[in-house]
Every structure is written in structure tokens, then in C-alpha cells.
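> build me a model:
(one chain, ligands or ions: 1)
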Amino acid sequence: MADTIFINGQVLTVNKHDTITEAVAVEGNKIVAVGRNEEVKQLISENTKVIDLKGKSLLPGFIDSHLHITMYGTNKLAVSCKDPSIGSLDDLIIALKDKAANTPKGQWVRAWGFNNTKIAEGRYPTRYELDQVSTEHPVLVIRACGHISVANSMALEIEGIENDTPDPEGGEIIRDENGVPTGVLVEQAHMNIFETAQFSQEELTKAVEAASRDFVEAGITSIHDAGGYGPDNLRVLQQAVKSGGVKTRIYAMICSLNQSEEFIRKAIDSGITTGLGDEKFRIGPAKVFIDGSSSGPTVATRQPYTSDEENYGILYYTQEELNQILGEAHEKGFQITAHAQGDRAIEMLLNCIEKALEKNPRQDHRHRIEHSGITMPDLVTRIKKLGVVPIPNPPFFYEYGDGYIKNYGERVNHMYPVKDFIESGIIAAGASDNPVAHYNPLLGIHVAVNRKSQTEQVVGIGQKVDILEAIRLYTWNGAYASFEEKFKGSIEIGKLADLVVLDCPITEVDVEKIKDIKVEMTIIDGEIVYESEAVHI
Ligand SMILES: [Zn+2]
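Reported below is the predicted structural model:
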């Protein structure tokens, strides 16, 4: 007999045959029946809760295979430049002043999601403008890409940045014509100050719990966390999952936003490897950053940027360094991966994986490529040959697509090439990279199907996929990318009851409106963890 039964639905099972059926039964935390109404109804007893879906879609819970829960959560504690009320630098300064007024002196005042190309003035603020916010609080404005920030004078002072401070390796302290730092810090220089401005454990816990609530409301039942503040991040997440404060299941990458190789070193030395943990919290791959951001733009390309003939982007490592770090992680049993956006970075990662496998062959390694931005056809071929799992980000096109066309030209036809992956038989898993893009999986599915930017520009039309293929990116394929497809990622008997109910039958909606679909209910482990206010079914 079942605890809960869903009937009269459009049940998208995402099984091998993409079967669409009517009803599902859940007992405890498992799915115990899937099929036609008549069959499943036989499991109704007097204690069974029967939910009539009235034709709406029931899907496996969404899996976001790459986001940064701690970053998103801590962003919620700061000023959001994505807020529509912030259209100019003046608006930003007013919002920051407000935040400073409620922050004890000496503590950091932060803003995130800043985009110089979208603000009225079309530029970064200067340290002097941020000094107007406060001279008694360090102030840090972080760009949407997470690779550049602007600091006020007090923040620069805390970081020890003076006129004669040399640029850190892999980063730049932007200076004016007199050699005085303007406050803008790029790549490693940004990463360093970002680490200085770190949050307390208590702030972090509050942050991840708030983030998890938002994810659950969007139907996300599992996330692959792509890293934050090193070991602290891991500890906080682990405890928050254990306490029940975080409901989403977590596959936690061994990755720190700054100097990830040190964190990987510690993990290797401690003896842990990928897969340790349980269905709620598990250790994921070892991950480093090879290049920069697609919107910065700072990705490492083989050909110069369309917008700048001199620019080939930035790299954090040489091929030898990369082979050394990830090669050892592979040897010690880790799934390995790296942030690789540009074709030059992707090529380096594939070289590294190839070499590691030559030296220490391993079946079913599922080594990954985070983002897999500019993935030209030769790279797609190598991904298939090596059995690598790319983790593309369809929602990037929505927010950053116009910039991609300007910076990369024709190459947008090969960016996050979901169709090429599917046609080549590659299993790719979808991800938001939140807070870089919105976490809503239905936005990701929408963009994978439509390939259009927010301003309606088509970005690589040849890579459009159909709705069922797009749903698979955010469900079964995500489970595969974490070695968990045997017990989640589809609606099949014996699998975990992680489910999401939408407010309509998704396959019957105009594809231009997929992103507007709402989640009505989210179920994790058989328990209803979210129910929309609008509809109590
Ligand atoms: Zn990321």
C-alpha cells in the first residue's frame, strides 16, 4: 500500500524510452508504482493521500549539476545589482549606503551581480565613488561573472594594495594614468580580496539554508555544488544537510574559488575520494579553474576574440601544472573536472584527462568539463572518445547571449552545444552556475529549447533541442554526472521519491513560454517540502 498517490497527471518518467504516463505511487522515500491510473490506484488504502494532478506535469525532481549554493546564499545577505531598482551608479551607491547604515563599522559591505555594460554609465564605479558609501566599512562590488570586483579605499587598505603593489600572478590591479589603483581588481586580484572579505560560519549556515529554500521552490531536489570557500564551505554544507536546514541533496565538489589546488591537496592527503557520503550529501569531483568567464570576457580561446584581435583570454595553469594537480586526483580515485569555458581551456582539460587515463586507466570515470563553453567539433569528438561528461549552461544565453555574439562571433554556434552532444551520444548535464545565471531549471530548459537571449537574439540556432531532451539534461543526466542514476533522475520503481509538480502539462505549452511555468509542489524523499501558495491541490 502507498503513502501518497499522484493520479490523472502527465507523468514524464524520463526512463529509457521517455515514457509519459498518468500516475505514480510513493511509499516511504521510494517510488513503488508508475503507470496508468487504474494500475496505480490499486495501491490506495485508507491511509493513502491521493493527489489529483488534473492533467499537470509530474517530473523527476530537477538536478542542477553546477551551481554555488554558498555564493548565492551569501549574495542574499548583500546588495543585489540585479535588482531592477539599480540602474545607475548613483542607485548602487544609495543602496550600499543603506546597507552600510545597518552594518557594524569595520564589517564588509558587499554588492554582487554588478554588470558595467548594463548600468546607465556603462562603466565600473571608482574606489572614490565607493568611498562615498563609507570610509569606515570596507566596500566590495562584485561583478556578475564572479571574476572582477571593485573595492573602496578601506577595502584596498585591508587587502594591502598600495600604488607599488605588484599584480598577483593570474590577476591585475587596474591603475589610473598615475599608477594609482582605481579599485577594479581582476581575476586573481579579485579572488584574493574576495577571500579576505569572507563570511563567518554562522553567516554561511544562514546563507545556505536560505538558498536551499529558494532552490526547493524552483523544483530543484539535488544540486552539484561547484565550490565556495574551501573546507569551510564543505563543513557548513555537510552540517546544514544533516540538521535538515538544507533539504536539497548535495554532491559537493572539492573546489575553492581561490587556489583550489590547495584544497584538493588537503582532500587527497586526508584520504577521502569522490563518492564518499550518502544519498543526502556526497563528495563530488576534484575541480580547478582553467580559464575565466564567458561574459567578462576572459575565457581562453584558440583564436582571438571577435571583439579584440589581441585578446585570447586568460589561463590559471600551464598544461603541466594542470596534469600534475588533476592527474594525481585521478590516480587517487577522484572524478576530476575543471571550469573550462574557452576552446583552449577545454582542449587543455581533455589533454589532461587523456594523459591521466593513459597512465592510470579507469573504466566509467565520468570525468567532467564544467561549462564546456566554446566546444568546437574536434573537441566534441574527443569528449565522446574519452567518455567525458560536459556540464553546459543553457541559461547563460538568456542573460549574456548578446555579449557572446559580439565577443566570439560565429563561435556562438558551438557554445554549450547541447545538440552536438546529444547527436554524438555524449551525456551532458544542464546547470545554471547560479548565481551567475538564475537557478530556475525551467529557464534553463526554456533556453535549451529556444536558444534566444533576453533581447530575443537567436544564439546558435542549430543547437536547439526538444523539450524532452532538455528535461533530461536537468534530471537523469544530472544523476549520471554524479554516479547516482541507479537511484534517482527518473520516475521508476525503486528510485527515490524526488518529484516536482508543475502548474500545467509542460509538453503542451508554447515553447516561448516554458520559462513562465511555475512549480506547484516539490517532493524530496517522499516528503512534500514545498507547496505553492496559489494552489493547494
Ligand atoms: Zn561555477
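
> now E492: which helix or strand?
For E492, there is no host helix or strand (DSSP states H and E).

> wait, it touches I31, no?
Yes: if you go by C-beta atoms under 8 Å, E492 and I31 touch, sitting 6.6 Å apart. Glycine gets a C-beta too; all of them are placed from N, C-alpha and C.

> give me the more crowded residue out of the two.
Shown here are E492 and I31; by other C-beta atoms under 10 Å, I31 has more neighbours (24 against 18).

> residues from the stretch 201-350 of the chain in reach of the ion?
Contact residues (C-beta under 5 Å from the ion) of the stretch 201-350 of the chain with the ion: A226.

> can you list the weak-confidence ranges in the stretch 201-350 of the chain?
For the stretch 201-350 of the chain, no stretch has pLDDT under 70.

> indicate the residue of it located nearest to the ion.
Using C-beta to the ion, the closest approach of the stretch 201-350 of the chain to the ion is made by A226 at 4.3 Å.

> output the contacting helices and strands for the worst-scoring helix or strand of the chain on mean pLDDT.
Using mean pLDDT, DSSP states H and E, helix 69-76 stands out as the lowest-scoring helix or strand of the chain, at a mean of 91. Judged by 3 or more C-beta pairs under 8 Å, 6 or more residues apart in numbering; DSSP states H and E, the packing partners of helix 69-76 are strand 109-114, helix 201-217, strand 220-225, helix 231-243.

> buried deepest among those, which one?
Most buried of the helices and strands packed on helix 69-76, by mean neighbour count (mean count of other C-beta atoms under 10 Å): strand 220-225, with a mean of 28.

> neighbouring strands - and their directions - for that strand?
Note on strand 220-225: by DSSP bridges, its sheet partners are strand 62-67 (parallel), strand 249-254 (parallel).

> and that strand, how far out from the chain middle?
Computed by C-alpha atoms, centre = their mean, to the nearest Å, the chain-centroid distance of strand 220-225 equals 9 Å.

> same deal with stretch 166-183?
30 Å.

> what mean pLDDT does it have?
Predicted confidence along stretch 166-183 averages 96 (mean pLDDT).

> coming back round to it: what's the burial count for the residue of the stretch 201-350 of the chain closest to the ion?
For A226, the neighbour count with other C-beta under 10 Å is 30.

> any idea how far it lies from K242?
A226 is 21 Å from K242, where distance means C-beta to C-beta, to the nearest Å.

> identify the residues contacting the closest residue to N450 other than its chain neighbours.
Using C-beta to C-beta, 6 or more residues apart in numbering and skipping residues adjacent in sequence, the residue nearest N450 is V511, 6.1 Å away. Neighbouring residues of V511 by C-beta atoms under 8 Å, 6 or more residues apart in numbering: H446, V449, N450, I467.

> so Y408 sits against Y305, correct?
Yes: counting by C-beta under 8 Å, Y408 touches Y305, with 6.8 Å between them.

> identify the contacts common to those two.
Common neighbours of Y408 and Y305, using C-beta under 8 Å, 6+ apart, are P297.

> the two: which has the busier surroundings?
Of the pair Y408 and Y305, Y408 is the one with more neighbours under other C-beta under 10 Å, namely 24 against 20.

> pLDDT score assigned to that one?
If you check Y408, the pLDDT there is 97.

> check for me that it belongs to a helix.
Yes: assignment of Y408 by DSSP: H, G, I helix; E, B strand; the rest coil places it within a helix.

> give me the nearest residue to it, chain neighbours excluded.
What sits nearest to Y408 in space, not counting adjacent residues and going by C-beta to C-beta, 6+ apart, is T306, at 5.7 Å.

> can you report how many residues neighbour the one you found?
T306 - counted by other C-beta under 10 Å - has 17 other residues nearby.

> go ahead and confirm it touches G409.
Yes: applying C-beta under 8 Å as the test, T306 and G409 come out as touching, 3.5 Å apart.

> so how far is the strand ranked longest in the chain off the chain centroid?
Using DSSP state E to define each element, the chain has its longest strand at strand 281-289. Its chain's C-alpha centre and that of strand 281-289 lie 13 Å apart, by C-alpha atoms, centre = their mean.

> same deal with stretch 452-464?
20 Å.

> for R36, what are phi and psi?
As for R36, its main-chain torsions (degrees, to the nearest 10) stand at phi -70, psi 150.

> for it, the count of nearby residues, please.
11.

> in contact with it, which residues?
Counted by C-beta under 8 Å, 6+ apart, R36 has contacts T21, E22, A23.

> now with 10 Å?
I7, T21, E22, A23 (C-beta atoms under 10 Å, 6 or more residues apart in numbering).

> what's the burial count for the first one?
By the other C-beta under 10 Å criterion, the neighbourhood of I7 contains 21 residues.

> give the bridge partners for it, please.
Counting by DSSP bridges, the residues bridging with I7 are D52.

> contact partners for it?
Contacts of I7 (C-beta under 10 Å, 6+ apart): 22-25, 36-38, 40-41, 44, 50-54, 58.

> any idea how far it is from N37?
For I7, the distance to N37 - C-beta to C-beta - is 5 Å.

> which residues are common contacts for these two?
E22, A23.

> before we move on, the earlier item: which of the residues in the least confident helix or strand of the chain are buried?
Within helix 69-76, the residues that qualify as buried are I69, T70, M71, Y72, G73, T74, N75, counting by 16 or more other C-beta atoms under 10 Å.

> may I have the strands that pair with the next helix or strand after that helix, each with its orientation?
Where DSSP H and E defines the elements, the next helix or strand beyond helix 69-76 is strand 79-80. When sheet partners are counted by DSSP bridges, strand 79-80 sits next to strand 109-114 (parallel).

> any idea how far the strand it pairs with is from the middle of the chain?
18 Å.

> what do you get for stretch 175-184?
Using C-alpha atoms, centre = their mean, the offset of stretch 175-184 from its chain centre is 33 Å.

> go on, stretch 510-518?
21 Å.

> just the buried residues of that stretch, please?
The neighbour-count check on stretch 510-518 (16+ other C-beta under 10 Å) flags I514, K515, I517 as buried.

> just to check, the second one is in contact with H446?
I take that to be K515. Yes: with contact defined as C-beta atoms under 10 Å, K515 counts as touching H446 (3.8 Å).

> tell me the helix or strand right after the longest strand of the chain.
Moving toward the C-terminus from strand 281-289, the next helix or strand (DSSP H and E) is helix 319-331.

> list the helices and strands that next one packs on?
Judged by 3 or more C-beta pairs under 10 Å, 6 or more residues apart in numbering; DSSP states H and E, helix 319-331 is in contact with helix 260-270, strand 281-289, strand 336-340, helix 343-359.

> just name the most buried of these.
Across those, averaging neighbours per residue (mean count of other C-beta under 10 Å) puts strand 336-340 on top, at a mean of 30.

> angle of that one against strand 220-225?
Counting by axes from the mean of the first three to the mean of the last three C-alpha atoms, to 10 degrees, strand 336-340 lies at 90 degrees to strand 220-225.

> pairing partners for strand 336-340, with directions?
Counting by DSSP bridges, the strands paired with strand 336-340 are strand 281-289 (parallel), strand 368-371 (parallel).

> tabulate those (a markdown table), appending distance to L442.
What follows is the strands paired with strand 336-340, written out as a markdown table (distance: least, C-beta to C-beta, whole Å):
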| stretch | distance to L442 |
| --- | --- |
| strand 281-289 | 24 |
| strand 368-371 | 20 |
